[in-house]
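> Pasting the sequence and the predicted coordinates here, then a few questions.
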There are 2 protein chains.
Amino acid sequence: MIEAIGIIAGTCTTLAFIPQLKKIWISKSAKDISTQMYIFYCSGLLLWTIYGVLINSVSIIIANGLTLLLSLGILFLKIKWRHI
Amino acid sequence: MIEAIGIIAGTCTTLAFIPQLKKIWISKSAKDISTQMYIFYCSGLLLWTIYGVLINSVSIIIANGLTLLLSLGILFLKIKWRHI
């Protein structure tokens, strides 16, 4: 039951980045996206993933690992289109 | 030691939203921000906070509770400035 809440929570906070990635991909614009946010965020997600491994929480590991991939995608597009 | 990693991770993923909130506040523009992302994200953060309470993880409760407040701020500005 507790792990189910963690899985739903992780699904929401992970899937959340899909519409953001899609939005900037389609519009080819990431002007309002903060580079600083995504640098901090990706660093934090890497640490959350390590934390999940240490406390043996599968939902923390999967949720943060996937969110890290999506956030790196957003950061990549932001840097790629920084002059647009 | 393990909780220290959780606290640093939570500090990064929470503080990350401050430059994003500041950026859209100063530019008065949130065009590239996805409303759908922040609706999903805020829902997920609320569930992560509940999950933290259930597994007695102080770092999960504080980190996600504060991130929820910052994300609600971004969502509020996005909705407020949706026609700009």
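On my side now, so go ahead. Numbers count the residues shown, from 1 in each chain, chains lettered A, B, ... in the order given.

> Enumerate the positions of stretch A:29-44 that are buried.
Of the residues in stretch A:29-44, A:30, A:32-35, A:37-44 count as buried by neighbour count, 16 or more other Cβ atoms under 10 Å in any protein chain shown. The C-beta positions use only the backbone N, C-alpha and C, and glycine is treated the same way.

> Over to stretch A:71-84?
Along stretch A:71-84, the positions that meet the burial threshold by neighbour count (16+ other Cβ under 10 Å) are A:Ser71, A:Gly73, A:Ile74, A:Leu75, A:Leu77, A:Lys78, A:Trp81.

> For stretch A:23-40, what does the pLDDT average out to?
Confidence for stretch A:23-40, expressed as mean pLDDT, is 95.

> Where does the spatially most central residue of chain A sit, in terms of helix or strand?
Centroid-nearest residue in chain A: A:Thr67, 3.1 Å away (criterion: Cα atoms, centre = their mean). In the assignment (DSSP states H and E), A:Thr67 maps to helix A:58-80.

> how far out from the middle of the chain is that helix?
With Cα atoms, centre = their mean, to the nearest Å as the basis, helix A:58-80 stands 3 Å off its chain's centre.

> follow-up on the earlier one: name the member of the buried residues of stretch A:29-44 with the shortest distance to B:Tyr51.
When the buried residues of stretch A:29-44 are ranked by distance to B:Tyr51 (Cβ to Cβ), A:Gly44 comes first, at 17.2 Å.

> which residues sit in contact with the closest one?
With Cβ atoms under 8 Å, 6 or more residues apart in numbering or on different chains as the criterion, the residues that contact A:Gly44 are B:Ile8, B:Ala9, B:Gly10, B:Thr11, B:Cys12, B:Thr13, B:Thr14, B:Ala16.
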